[in-house]
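*Asks:* Give me coordinates for this.
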Amino acid sequence: MRIKSSKQFQEVVVTVLIAIMTILASSAAFAFPARRAFVGCRYPSISTATRARCAVNCKPRHRFYHSSTSLLVHNDSNNAANNIDNEEKRKAYLAVGSNMGDTYQNIANALSSLQSSGSIKLLQTSFLRTTAPMYVTDQPNFLNGAVQVETSLPPFELLSAIKQVENDLGRDLSGNSQRYGPRPVDLDILLYDGYDVTTSEGTAAETIGENDLQPNALVMHQPSEKLIIPHPRMQEREFVLAPMMDLEMGGDGNEINHPVLNKSMKELLMMLIKNNAQDCNSDDDGEEEYPPAHRVLPLPRGRMLVFNETIIQGILNVTPDSFSDGGKFSKSVEDALAQALQMEKGGAGIIDIGGESTRPGAEAVGIEEELRRVLPIIERIREESDVPISIDTRNARVAQAAIEAGADIVNDVSGGTHDPEMLASVASMGVPMILMHMRGNPKTMQALTNYTKNDGVLSGVVMELMARSKAAEAAGIPRWLQVLDPGIGFAKDVDGNLSLIKGAGVIRANCGNMPFLFGPSRKGFIGKVTGETDPAERDFGTIAACLVSIENKEEIRDACNILRVHNVKAVKQAVLTYEAIQKAKME
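*Replies:* Predicted coordinates for the structure are as follows:
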């Protein structure tokens with residue numbers, strides 16, 4: 001290789017150092033039990049060789065166990081996954097990815113297959129992102145994420161199980177395929193609980209005492225077996241670190257630490273982003289070298305909602321008694337269709353169809369009547385458009401029939417509490433679910449607004465929403481298929497609604513940066529503030545509430561927003577202008 005510049009020389013040196021330090025760190029792990037901290041070394045933390053600028057002090061940290069609510073991608077894996085409950089278990093983190101075919105379904109199938117033997121159980125998922133390919137750039141974008149699993153398999157057996165799943169799903173493992181090229185599914189072991197080893201080759205001990213285990217502490221270097229733990233390239237890959245940071249934020253509050261670099265996932269990600277930005281600024285041609293990754297919400301038929309901007313959800317009530325537009329679109333399917341297409345043209349990314357009014361004091365509607373109202377319009381929209389559709393319902397039968405008719409998302413104002421079959425039903429369909437915070441039901445909720453001083457509306461909503469999220473996760477709805485809604489106007493008084501909107505960023509930060517839907521449109525609190533008694537005339541107040549709810553004062557990275565509104569065009573224009581101003585440079 002010919003070295004043309006001092007920068008290239010520096011890159012070569014760093015690359016060699018990485019290889020040496022990985023081997024040294026691995027040797028240290030074999031010489032001492034993994035529960036003993038690494039000492040005295042300096043290890044280069046890099047993105048790629050072109051981004052290596054600093055070394056990270058490997059200071060020992062006290063590591064804690066992560067605990068997580070168990071979940072399964074598919075309910076039919078329940079019995080199999082529970083087979084490992086009486087065996088010795090370790091936790092591991094896996095990267096998951098795909099860029100061929102139905103990428104999300106490939107990942108879901110891979111995780112289901114992994115669990116089918118009973119020796120691996122899925123505990124928690126990150127969010128999903130579309131990312132540009134690295135190394136070989138002439139190929140489709142990837143869908144990437146990360147998961148935490150619990151397994152009774154030692155590392156080599158876990159690797160063998162992973163390779164079998166990849167092979168079964170069509171990945172070419174013959175060695176003849178292009179390295180870093182397209183693949184239907186890609187699973188990698190990132191981190192694994194540490195323990196004593198029996199040989200210098202890294203053979204796993206036959207049994208593991210509880211005191212031997214340290215979270216994510218295993219360091220293993222077996223190039224001949226194509227197994228190096230921690231994954232040797234994870235610190236240079238944003239598409240790995242960003243999902244790992246999701247898991248760090250969504251767990252029990254403890255950091256996920258790299259066992260050699262002794263940095264948390266957040267620290268590694270922030271360093272990588274900083275290095276990438278410096279590289280982009282130093283490029284002579286001024287082109288962006290690192291395209292941004294965008295979080296996505298998978299939909300049926302291989303489609304996705306991309307959170308590269310705030311998504312507008314247009315409200316289409318086919319009810320006779322909704323508070324704002326009751327009766328307007330309930331008598332004619334063609335009128336409802338025209339409204340749906342008009343909202344799509346105006347910028348709606350989702351059409352939300354509801355057949356039961358949930359305004360304060362509303363009476364419940366029978367399931368057969370609700371089905372009669374919503375199914376014809378869903379089917380009619382599908383004849384004209386592929387716009388994503390959410391079904392606004394509290395009933396599992398309605399949700400399932402709507403999805404079968406062509407809807408994509410279940411939007412439950414009760415957060416799955418009204419119908420005990422709802423969470424299991426949504427999990428079985430594998431579609432996204434919007435979980436809203438509410439106390440009681442539409443008839444009783446406005447008597448349940450008494451949040452205490454110690455349990456104020458912000459903390460109360462966070463606590464109760466996260467309980468619903470964990471219940472959904474336990475039922476088989478992974479976090480990457482969940483959207484949370486603080487329930488503006490539901491079991492909140494005027495002050496409570498205003499506090500929720502002002503504290504939207506606080507709620508998001510305390511809910512692990514989950515995607516959030518805000519629905520202030522034409523609600524009664526706007527009428528109380530402005531004195532406007534006609535809900536249809538509250539669009540100006542709605543815009544103000546929407547813009548404040550998506551304001552990112554906490555500067556949360558990858559914040560994902562959906563706004564549920566009646567006047568799609570007006571809110572869309574306001575949001576586009578607001579976001580353009582937010583992104584503008586002050587020159």
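*Asks:* neighbours of residue 256, just the number please.
*Replies:* 23 (other Cβ atoms under 10 Å). For glycine as for every other residue, the C-beta is placed from the backbone atoms N, C-alpha and C.
*Asks:* which residues touch it?
*Replies:* 66, 93, 191, 215-216, 244, 247-248, 264-265 (Cβ atoms under 8 Å, 6 or more residues apart in numbering).
*Asks:* Relative to residue 238, which of these is nearest.
*Replies:* Taking Cβ to Cβ as the measure, residue 238 lies nearest residue 244 of those, at 10.4 Å.
*Asks:* That closest one: what's it in contact with?
*Replies:* 93, 126, 146, 190, 234, 256, 265, 269.
*Asks:* repeat that with 6 Å
*Replies:* 146, 265 (Cβ atoms under 6 Å, 6 or more residues apart in numbering).
*Asks:* and it, which of the three is it?
*Replies:* The local conformation at residue 244, judged by DSSP: H, G, I helix; E, B strand; the rest coil, is helix.
*Asks:* and it, how far is that from residue 270?
*Replies:* 13 Å (Cβ to Cβ, to the nearest Å).
*Asks:* With residue 480 instead?
*Replies:* 22 Å.
*Asks:* go on, residue 556?
*Replies:* As judged by Cβ to Cβ, residue 556 and residue 270 stand 13 Å apart.
*Asks:* Return the distance of the residue most central in space within the chain relative to residue 548.
*Replies:* Nearest residue to the geometric centre of the chain (Cα atoms, centre = their mean): residue 127, 2.0 Å. Separation of residue 127 from residue 548 (Cβ to Cβ): 24 Å.
*Asks:* ok, back up a step: so for residue 480 and residue 270, which sits in the more crowded spot?
*Replies:* Neighbour count, other Cβ under 10 Å: between residue 480 and residue 270, residue 480 has more, with 25 against 15.
*Asks:* these two touch, right, the more buried one and residue 128?
*Replies:* Yes. Between residue 480 and residue 128 there is a contact under Cβ atoms under 6 Å: 4.7 Å.
*Asks:* Sketch out the low-pLDDT regions of the stretch 451-587 of the chain for me.
*Replies:* Low-confidence segments of the stretch 451-587 of the chain, defined by pLDDT under 70, span residues 453-454, 554.
*Asks:* How about the chain?
*Replies:* Low-confidence segments of the chain, defined by pLDDT under 70: 1-87, 195-213, 223-225, 252-253, 279-291, 322-326, 453-454, 554.
*Asks:* tell me how far stretch 98-114 is from the chain's mean position?
*Replies:* Taking Cα atoms, centre = their mean, to the nearest Å, the mean C-alpha location of stretch 98-114 is offset from the chain mean by 16 Å.
*Asks:* scratch that, stretch 128-137
*Replies:* For stretch 128-137, the distance to the chain centre is 17 Å (Cα atoms, centre = their mean).
*Asks:* quick one: terminal-to-terminal distance for it?
*Replies:* Using Cα to Cα, to the nearest Å, the end-to-end distance of stretch 128-137 comes out at 20 Å.
*Asks:* Excluding its own residues, what touches it? List them.
*Replies:* 139, 141-145, 180-181, 239, 291, 293-296, 480.
*Asks:* and what of stretch 360-369?
*Replies:* For stretch 360-369, contacts defined as Cβ under 6 Å, 6+ apart pick out 356, 395, 397, 442-443, 446.
*Asks:* Let's see that with 7 Å instead.
*Replies:* The contact list for stretch 360-369, computed with Cβ atoms under 7 Å, 6 or more residues apart in numbering, reads 321, 355-356, 395, 397-398, 442-443, 445-446.
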